[in-house]
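Trainee: Curious how this folds, go ahead:
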Amino acid sequence: MADIAENGRTWLLSGPTSSYALHLTDADELLHLHWGPRITLADAEALAAGPLPAYWPFESPLDGREEYPVEGGPRFVRPALSVRTGERRGTEWRFVTHDTEGGAGGEELRLRFDDDGIAVTLHYRMRGDVVERWVTVENGAHARVELLRADAATWTLPDREGWRLSQLHGRWAAESLLTTAPLTHGEKIIGSRRGHTGHQHLPWVALDTDATEERGEVYGCALGWSGSWRIAVAQLPDARVQITGGAGYDDSGLLLLQPGESYTTPVFAGLWSDGGFGGASRAWHAYQRAHVVPDAERDRPVLFNSWEATTFDISEEQQAALARLAAGIGVELFVVDDGWFGARTSDRAGLGDWTPNPDRFPHGLKPLADQVHGLGMQFGIWVEPEMVNPDSDHYRAHPDWVQYQVGRNRTELRNQLVLNLAREDVQEYLWEQLDTLLSGAPIDYVKWDFNRCFTDAGWSGEPYPQRLWVDHVRALYALLDRLRAAHPHVAFESCSGGGGRIDLGVLSRTDQVWTSDNTDPLDRLAIQHGFSQIHPARVMAAWVTDSPNAQLNGRVSSLRFRFVSAMAGVLGVGGDLTEWTAEELAEAGEWVSLYKEIRPVVQRGDLYRLRPPTGGLSAVQYVLGDETVVLACLQAQHYGEPVPALRLRGLDPAAQYECRETGEVHRGAVLLHHGLRTGLTGDLDARVLRLRRI
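Mentor: Okay, here's the model as predicted:
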């Protein structure tokens with residue numbers, strides 16, 4: 001909730017362990033006061049009473065202290081807001097009022113400013129110890145207002161020396177890799193200019209000075225936007241640090257606001273934690289399960305996906321045969337991937353024609369869906385609605401519906417083009433196609449893919465064509481919202497050639513995400529380790545596929561290692577079950593059964609990263625109530641070294657816990673050793689241990 005000083009110019013938001021404070025000076029300068037451990041309103045007012053330091057003319061006393069820097073006036077830091085009217089550029093605002101409003105989302109603090117008819121509202125909401133911030137800009141008086149840049153927030157860190165920056169970087173098949181490095185003077189910029197979140201960076205950063213996995217202060221920020229984006233981390237000349245982020249990669253223009261129109265930024269969320277990187281992760285996970293992910297209290301089912309088994313060569317009979325095998329090992333959701341629609345026999349044709357292929361499914365999808373339901377499983381399909389093949393009925397009927405630059409060569413990546421979803425006629429067409437599809441067959445799940453980046457982002461005839469970068473994403477959100485409202489029983493997964501569209505924005509509209517196209521169980525340990533820094537296991541899809549891993553690297557791994565690696569998230573199976581032996585199918589059934597037992601703990605429990613996947617033994621632990629699950633993976637042993645012990649976390653040190661696998665009874669400060677040493681027998685081996693309070 002928000003505490004407000006009597007003069008109405010100092011505000012304090014507090015969560016269970018942290019506070020966030022800001023102050024408005026008599027000159028209408030909005031200053032940041034505090035972000036960190038809980039303080040009182042009196043503490044905040046004392047901070048507000050301190051004078052700004054004096055500076056030479058080459059520096060500004062506002063820089064590094066202003067809550068939301070705008071372009072114009074005595075400011076030299078990166079502006080969060082840059083606007084242009086017909087007369088001038090920049091902002092010179094005055095404070096209008098503040099108000100608070102409660103609701104289902106919690107109490108919201110709003111600070112309203114005006115600049116000659118341009119209204120700017122800063123929004124704040126505290127959810128647990130996560131501060132949500134966003135901004136609304138409205139054109140109230142001008143013929144036109146061009147938004148060159150409108151970031152969601154600027155975060156200011158306390159004066160410290162030796163800041164370190166952690167981020168998640170990568171590429172296709174190597175997403176979400178964690179890296180930490182000293183923060184030096186100047187700016188560090190991460191983002192995407194690709195039209196989607198991107199494989200190269202997740203929109204999250206964390207800063208610390210001396211934190212470990214278990215202790216120390218960590219400041220983290222995460223952006224909820226599924227298009228192009230930018231986060232700039234700046235260490236200023238006086239060693240202050242500010243983090244600014246929002247939609248769009250550069251300052252070439254977001255939107256053109258006509259009179260009465262407004263733009264609301266995505267949410268840029270911030271979290272302070274004194275529990276180290278592990279404590280920060282658990283706080284982020286709890287926040288997403290409680291406030292972001294739809295129906296997060298429902299555990300996600302074990303799925304089978306047909307892609308790696310069949311690729312484009314599919315038929316109703318073949319899929320039904322796979323479904324029978326999948327049901328036999330305990331799968332709960334059967335998903336038909338690419339190839340079920342139009343003339344889709346390769347990636348060269350059919351994309352955009354969302355009706356079942358009459359040769360492969362002569363009576364539509366319903367007969368197969370009915371067979372799958374008869375086997376006790378849910379039924380799902382793959383779609384890629386934002387794309388189209390030039391060789392498709394859709395494109396032949398509407399060639400002007402794609403993004404393109406007039407007079408330029410057209411880029412086809414993966415033999416496909418990007419639809420201009422910012423167009424209302426495209427939005428309505430996709431709604432009709434997908435609503436008809438979901439209404440015509442008993443479909444329970446949709447894997448929504450996005451397999452290429454924006455390249456020729458043009459819009460012939462549109463006066464302000466660059467708006468498609470923002471409006472494409474807003475239309476995607478609106479379409480997902482509309483489909484979920486019309487078909488509330490259907491679950492959605494976000495996919496983008498693997499982990500190319502994972503962020504708080506898409507997670508607020510989907511039930512899980514496809515983490516990476518890389519299903520190699522050893523590679524996945526590092527990908528999942530990075531992913532867990534910000535996102536919970538409840539949304540992290542992970543598959544068991546064939547060995548050797550023909551899709552990627554040819555590595556051979558045991559079925560046990562593949563399953564334990566994938567059981568760290570939402571378990572799926574993607575191998576060709578028709579090639580598995582009877583012994584492998586039986587073993588797979590045992591692993592699926594075990595996962596169902598531990599699933600509530602994995603998907604809803606608190607995560608503790610016991611050992612990182614840097615070689616040797618790696619392990620994660622989940623705690624939910626009296627139950628504890630440990631997934632340990634031995635990557636390699638060298639020179640006959642013994643398997644190290646694991647000290648468990650998050651347990652009651654005065655209580656006793658029994659290990660189901662070994663029968664041993666431990667105190668809460670558990671040092672697991674015997675069960676690991678006897679259970680892990682060689683390279684690429686794995687172990688599941690379950691403990692219960694007794």
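Trainee: show me the contacts for Trp172.
Mentor: His199, Gly497, Gly498, Gly500, Asp517 (Cβ atoms under 8 Å, 6 or more residues apart in numbering). Yep, even glycine has a C-beta here, placed from its N, CA and C like the rest.
Trainee: Would you double-check that it falls in a helix?
Mentor: No. Under DSSP: H, G, I helix; E, B strand; the rest coil, Trp172 falls outside any helix and is assigned coil.
Trainee: Tell me how far it lies from His472.
Mentor: Separation of Trp172 from His472 (Cβ to Cβ, to the nearest Å): 21 Å.
Trainee: still on that earlier bit, neighbour-wise, which one of the contacts of Trp172 leads?
Mentor: Highest neighbour count within these, by other Cβ atoms under 10 Å: Gly500, with 28 neighbours.
Trainee: Apart from its chain neighbours, what residue comes closest to that one?
Mentor: His199 (4.7 Å; Cβ to Cβ, 6 or more residues apart in numbering).
Trainee: wait, doesn't the one you found sit right on Gly499?
Mentor: Yes. Using Cβ atoms under 8 Å, His199 is in contact with Gly499, at 6.1 Å.
Trainee: average pLDDT across stretch 617-628?
Mentor: Averaged across stretch 617-628, pLDDT comes to 97.
Trainee: Which residues belonging to it are considered buried?
Mentor: Leu617, Ser618, Ala619, Val620, Gln621, Tyr622, Val623, Leu624, Glu627, Thr628 (16 or more other Cβ atoms under 10 Å).
Trainee: Stretch 144-152 too?
Mentor: Here stretch 144-152 shows Val145, Glu146, Leu147, Leu148, Arg149, Ala150, Asp151, Ala152 as buried, counting by 16+ other Cβ under 10 Å.
Trainee: Quick one: residues contacting the first one.
Mentor: The one in question is Val145. Counted by Cβ under 8 Å, 6+ apart, Val145 has contacts Val83, Arg84, Thr85, Ile118, Val137, Asn139, Leu256, Leu257.
Trainee: where does the stretch 201-350 of the chain have low pLDDT?
Mentor: Within the stretch 201-350 of the chain, no stretch has pLDDT under 70.
Trainee: Which parts of the stretch 101-250 of the chain are strands?
Mentor: 108-115, 118-127, 130-139, 145-150, 153-156, 164-169, 177-182, 186-192, 201-208, 218-223, 229-235, 241-247 (DSSP state E, counting those that start in this stretch).
Trainee: how about the helices in this protein?
Mentor: Ranges of helices in the chain, per DSSP state H, are 41-49, 276-291, 307-310, 316-328, 366-374, 393-397, 424-440, 468-486, 504-507, 521-531, 559-566, 582-604, 674-679.
Trainee: quick one on the thing from earlier: please enumerate the shared neighbours of His199 and Gly499.
Mentor: Jointly contacting His199 and Gly499 under the rule Cβ under 8 Å, 6+ apart are Gly170, Glu175.
Trainee: Give me the pLDDT value at Tyr55.
Mentor: The model's pLDDT for Tyr55 equals 68.
Trainee: ugh, typo on my part, it should be Ala550
Mentor: So Ala550 comes in at 73 (pLDDT).
Trainee: and if you look at Glu579?
Mentor: So Glu579 comes in at 96 (pLDDT).
Trainee: which residues touch it?
Mentor: Counting by Cβ under 8 Å, 6+ apart, the residues that Glu579 touches are Asp546.
Trainee: What separation do you get for it and Asp546?
Mentor: 7 Å.
Trainee: With Val388 instead?
Mentor: 31 Å.
Trainee: neighbour count winner among the two?
Mentor: Higher neighbour count among Val388 and Asp546: Val388, with 25 against 19, using other Cβ under 10 Å.
Trainee: Would you list the phi and psi of the nearest residue to the more buried one once chain neighbours are set aside?
Mentor: Excluding the flanking residues, the one nearest Val388 by Cβ to Cβ, 6+ apart is Gly352, at 3.6 Å. Main-chain dihedrals, Gly352, degrees, to the nearest 10: phi 110, psi -20.
Trainee: What number of residues are in the vicinity of Gly352?
Mentor: Counted with other Cβ under 10 Å, Gly352 comes out at 31.
Trainee: my read: it touches Asn389, true?
Mentor: Yes. Gly352 is within contact range of Asn389, at 6.3 Å (criterion: Cβ under 8 Å).
Trainee: residues shared between the contacts of the two?
Mentor: Shared contacts of Gly352 and Asn389, counting by Cβ under 8 Å, 6+ apart, come down to Tyr395.
Trainee: how many neighbours does the nearest residue to Gln533 once chain neighbours are set aside have?
Mentor: For Gln533, ignoring the flanking residues on the chain, the nearest one in space by Cβ to Cβ, 6+ apart is Ser281 at 5.6 Å. Other residues near Ser281 come to 26 when the count uses other Cβ under 10 Å.
Trainee: For the closest residue to Leu480 other than its chain neighbours, list the residues it contacts.
Mentor: Nearest residue to Leu480 in three dimensions, chain neighbours excluded: Arg509, at 4.3 Å (Cβ to Cβ, 6+ apart). Residues in contact with Arg509, defined by Cβ under 8 Å, 6+ apart, are Pro294, Tyr477, Leu480, Asp481, Arg484, Phe492.
Trainee: Farthest-apart pair in those residues, please.
Mentor: Taking Cβ to Cβ, the two most distant members of these are Pro294 and Tyr477; they sit 12.9 Å apart.
Trainee: Neighbour count: those two, which is higher?
Mentor: Using other Cβ under 10 Å, the more surrounded residue of Pro294 and Tyr477 is Tyr477, with 18 against 14.
Trainee: Tabulate the buried residues of stretch 144-152 (CSV), appending pLDDT and distance to Val70.
Mentor: Output for those, formatted as CSV (pLDDT from 0 to 100; distance: Cβ to Cβ, whole Å):
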residue, pLDDT, distance to Val70
Val145, 96, 14
Glu146, 96, 15
Leu147, 97, 12
Leu148, 97, 11
Arg149, 97, 10
Ala150, 98, 10
Asp151, 98, 10
Ala152, 98, 14
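Trainee: export those residues to CSV and tack on distance to Phe113?
Mentor: Shown next, in CSV, are the buried residues of stretch 144-152 (distance: Cβ to Cβ, whole Å):
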residue, distance to Phe113
Val145, 14
Glu146, 19
Leu147, 15
Leu148, 18
Arg149, 17
Ala150, 13
Asp151, 15
Ala152, 16
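Trainee: Which one of these is nearest to Glu217?
Mentor: Using Cβ to Cβ, the buried residues of stretch 144-152 come closest to Glu217 at Ala152, 23.1 Å.
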